[in-house]
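Novice: Starting from these lines, generate the structure:
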Amino acid sequence: MTNANNLPVLAPLPWQADLWSSLIERHTQNRLPHALLLHGVAGIGKGRLARLLAASLLCETPKQNLPCGGCHACQMVVAGSHPDFFLADASYGAAVNDEDDDKKSRKAKKSVAPSRQIKIDCIRDLIHFSTQSAHQGGKRIALIEPAEWLNHNAANALLKTLEEPGADTHIILISHQPSRLLPTLRSRCQALFCPTPDHEQSLQWLKLQGISAERANTTLAFTALAPLKALAAANDNQDTLHKEVITVLQACRQNKMDYLTTAETLAKHDTLLVLDWWLSLVHQQASAQALASTLIFYDALLAARRKALSTANPNARMLFESLLIAWIAPHSRIGGT
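Specialist: Okay, the predicted model is just below:
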């Protein structure tokens, strides 16, 4: 049984064993919350844990509270076709499943660019889903990932359902940044913090996935010890790209490359990826002597990241130009360089 990233989900990840035990204990004692918020940094396996829980609750023949991986219910969960499992994410509605739609309509809808918002139509369908009886006679599970991508209307529409979900319905929200959620939404969920594994745990797990120790250490360094992020980075050869981006940024800071050329180079790559690596670099180079200017520039990077997330097609070059001007300005020197 695998998820979309071809990672086995028959058991919790090593650093999530205690979390899993806690969830199962609540389930066996009929204390599993109807609205659960799993939060922590991105890339540590929160979504994977939520899918494991969903599969376990829907499995026809669970073994030691884990999904068997072979029953019809498990196979439908893997295929994304289980009638009692609902996934709300930014891609919802992009694929057209209605057989009554003509081919032209399907083609038009499938060509829509991916969004970074979970919209109200998706949540309306989730609300309808939560009011129905389970097709398989058991639980109904809805997963919202990531919850901070709920737009304002969608988040407000969800509040009543979180407070009074249907019988035997569990709604699991995944959040990398819970502070971005509406306070009224957070208050209706039982929050469970998912900690980041330590370096040794992450390193050992990556080695088991076939990643060399040297490469694992490199990718962990620029993914904030998030092992699933590091695995994706290693598989996509992002370590090479990361080195190129950092080299360009440092060259600009040392006046070896002008900011316009640097912005043009950075704009060729994924905007969010570059901003994440830049944030990591600033954090690493920060010093006590330049703390104030570091925080100011760090906040500017975070604001740029929020803008990139909320805009369908951000002008990456202009975004990077404005950041680079601050990056090379004397008053924004990070770490005294």
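Novice: So residue 51 versus residue 88, what's the distance?
Specialist: According to C-beta to C-beta, to the nearest Å, residue 51 and residue 88 sit 13 Å apart. The way it works is simple: take the backbone N, C-alpha and C, and place the C-beta from them, glycine included.
Novice: Name the residues contacting each of these two.
Specialist: Taking C-beta atoms under 8 Å, 6 or more residues apart in numbering as the contact rule, residue 51 and residue 88 both touch residue 143.
Novice: And stretch 280-294, what's buried?
Specialist: By 16 or more other C-beta atoms under 10 Å, the buried positions in stretch 280-294 come out as 280, 281, 282, 285, 286, 290, 293, 294.
Novice: who's in contact with stretch 259-267?
Specialist: Applying C-beta under 8 Å, 6+ apart, the external contacts of stretch 259-267 come out as 245, 248-249, 251-252, 274, 316-318, 320-321, 324-325, 327-328.
Novice: where does the chain dip in pLDDT?
Specialist: Scanning the chain with the threshold set as pLDDT under 70 gives 1-9, 94-115, 287-290, 312, 330-337.
Novice: centroid residue for the chain?
Specialist: A centroid search over the chain (C-alpha atoms, centre = their mean) returns residue 42, at 5.0 Å, as the residue closest to the centre.
Novice: of all the contacts of stretch 259-267, which comes closest to residue 27?
Specialist: The closest of the contacts of stretch 259-267 to residue 27 turns out to be residue 274 (C-beta to C-beta; 41.5 Å).
Novice: got a list of what the closest one touches?
Specialist: For residue 274, the contacting residues are 245, 266, 320, by C-beta under 8 Å, 6+ apart.
Novice: For residue 124, see how far away the second one is.
Specialist: Pointing back at residue 266 there. Residue 266 sits 39 Å away from residue 124, going by C-beta to C-beta.
Novice: More neighbours: which of those two?
Specialist: Counting neighbours by other C-beta atoms under 10 Å for residue 266 and for residue 124 shows that residue 266 has the greater number, 25 against 13.
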